[in-house]
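Participant: Following is a predicted model, sequence given first.
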Amino acid sequence: MSRIKAIIISGVFVLIATIMMGSMYVFSNISYSYSYDDISVSTDVLINNIKTIKAIDTVQLDGPNIKGEQIDLEVDLQPYETYEFSFDVNNLTNIDYKLNKLQINTYDEDANDYLTFDMTYDNGKQVNVYDELLTNTKRTIIVRMTYNKNVTDTKTFDLNINMDYNPSAIR
């Protein structure tokens with residue numbers, strides 16, 4: 001019996017050692033994930049070179065003004081008047097980017113009753129979320145605003161265009 005007892009005790013020790021080593025592996029397992037600093041990424045895509053395409057003759061025009069990835073504009077439009085401007089989006093990196101968010105804030109819940117708003121590239125294609133901005137390229141975007149619905153009198157529109165670009169590898 002002493003030999004069987006020794007085999008049983010050895011088996012128990014091997015079982016305890018296996019359980020301890022397995023639990024040490026499970027609890028010390030390290031996982032890695034890719035993370036990025038959103039502030040440093042956003043500075044790699046620049047919005048610049050604003051140009052007026054179709055000027056307006058109104059009392060007030062404030063903007064368009066660039067604030068990081070945003071463009072602010074306050075404009076008075078007369079009935080059936082159109083204001084049009086363009087700006088460039090530049091990818092100055094060696095990484096392809098995608099438009100992650102495109103948000104147009106009007107600060108007026110009834111703006112859709114008065115304003116037609118259109119954003120296209122210089123080739124006529126509509127600007128959409130998930131459009132690519134390839135490495136070391138520039139895309140020109142044209143913004144067209146027309147006051148043509150439920151027209152009454154000169155109306156003030158306060159707009160904020162927010163564009164968020166992220167590397168296309170990050171989804």
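Facilitator: Arrived safely, thanks for sending. Remember, it's a predicted structure, so these values are computed and weren't measured experimentally.

Participant: ok, now which ones touch the nearest residue to Leu134 once chain neighbours are set aside?
Facilitator: Excluding the flanking residues, the one nearest Leu134 by CB to CB, 6 or more residues apart in numbering is Asp96, at 5.3 Å. No exception for glycine: its C-beta is placed from N, CA and C like everyone else's. Residues counted as contacts of Asp96 (CB atoms under 8 Å, 6 or more residues apart in numbering) are 132-135, 167-169.

Participant: for Met145, same thing?
Facilitator: Met145 neighbours (CB under 8 Å, 6+ apart): 75, 77, 82-84, 115-118, 157, 159.

Participant: Now do the closest residue to Pro79 other than its chain neighbours, the pLDDT please.
Facilitator: Leaving aside its chain neighbours, Pro79 sits nearest to Val151 (3.9 Å; criterion: CB to CB, 6+ apart). Predicted confidence (pLDDT) for Val151: 75.

Participant: doesn't Val151 fall inside a helix?
Facilitator: No - read with DSSP: H, G, I helix; E, B strand; the rest coil, Val151 is coil and lies in no helix.
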